[in-house]
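[1] Please find the sequence and the predicted model below.
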Amino acid sequence: MVSTQLLDYLYLKMPGTEAVTMTIKRGVNNDTTTTTSVSHAWMRDISRDDIAKGLVTSAHEGIVWNIPNVLLAGAEIETGDTITDSSSVVWTVMSVSRLRLRTHWRCICRRQK
């Protein structure tokens, strides 16, 4: 079995990752927020299929963030949560799914204006 420490070490070696901050909003009026720092997440360009689904209107305003589940410390990502990247750009999660044997979150995000 792979340990959490080994997985964390793997992400430390992975090129193209950056630290992000997840803001998880819960409650009746999204009045309960939790902030979680994720040391290694990586972004990918949004696909044409994602644009066709209407989640974003252009490739400029959308991006896909991949976040390892083990680095979230048990938190769950839902639509409406936000990701703040290392350049202080805030991204709103429009769609979320679990990939790679449920070890990664794939978040289709729209840039906040």
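    Great, that's in hand. Values in this document were obtained by computation on a predicted structure and should not be read as measured data. Numbers count the residues shown, from 1 in each chain.

[2] For the rest of this, base every contact and every neighbour count on C-alpha atoms.
    Fine.

[3] Stretch 31-45: which residues count as buried?
    Using 16 or more other Cα atoms under 10 Å as the test for burial, stretch 31-45 gives T36, V38, S39, H40, A41, W42, M43.

[4] So what pairs up with the closest residue to L71 other than its chain neighbours in the strands?
    Counting by Cα to Cα, 6 or more residues apart in numbering, L71 lies nearest to V38, which is 5.9 Å off, once chain neighbours are set aside. Beta-bridge partners for V38, by DSSP bridges, are V20.

[5] Who are the contact partners of V38?
    Counting by Cα atoms under 8 Å, 6 or more residues apart in numbering, V38 touches A19, V20, T21, M22, I67, L71, L72.

[6] what about R48, how many neighbours?
    Neighbours of R48 under the rule other Cα atoms under 10 Å: 10.

[7] scratch that, C109
    26.

[8] my guess is it meets N66, correct?
    No: here C109 does not reach N66: they are 10.6 Å apart, not a contact under Cα atoms under 8 Å.

[9] residue ranges with poor pLDDT in the protein?
    Scanning the chain for pLDDT under 70 picks out 1-15, 55, 59, 100-101.

[10] could you pull out the helices for it?
    For the chain, the helices defined by DSSP state H cover 4-13, 48-52.

[11] hmm, back to that, dump the contacts of V38 into JSON lines; add neighbour count as well.
    Converted to JSON lines, the contacts of V38 look like this (neighbours: other Cα atoms under 10 Å):
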{"residue": "A19", "neighbour count": "15"}
{"residue": "V20", "neighbour count": "23"}
{"residue": "T21", "neighbour count": "18"}
{"residue": "M22", "neighbour count": "23"}
{"residue": "I67", "neighbour count": "25"}
{"residue": "L71", "neighbour count": "20"}
{"residue": "L72", "neighbour count": "16"}
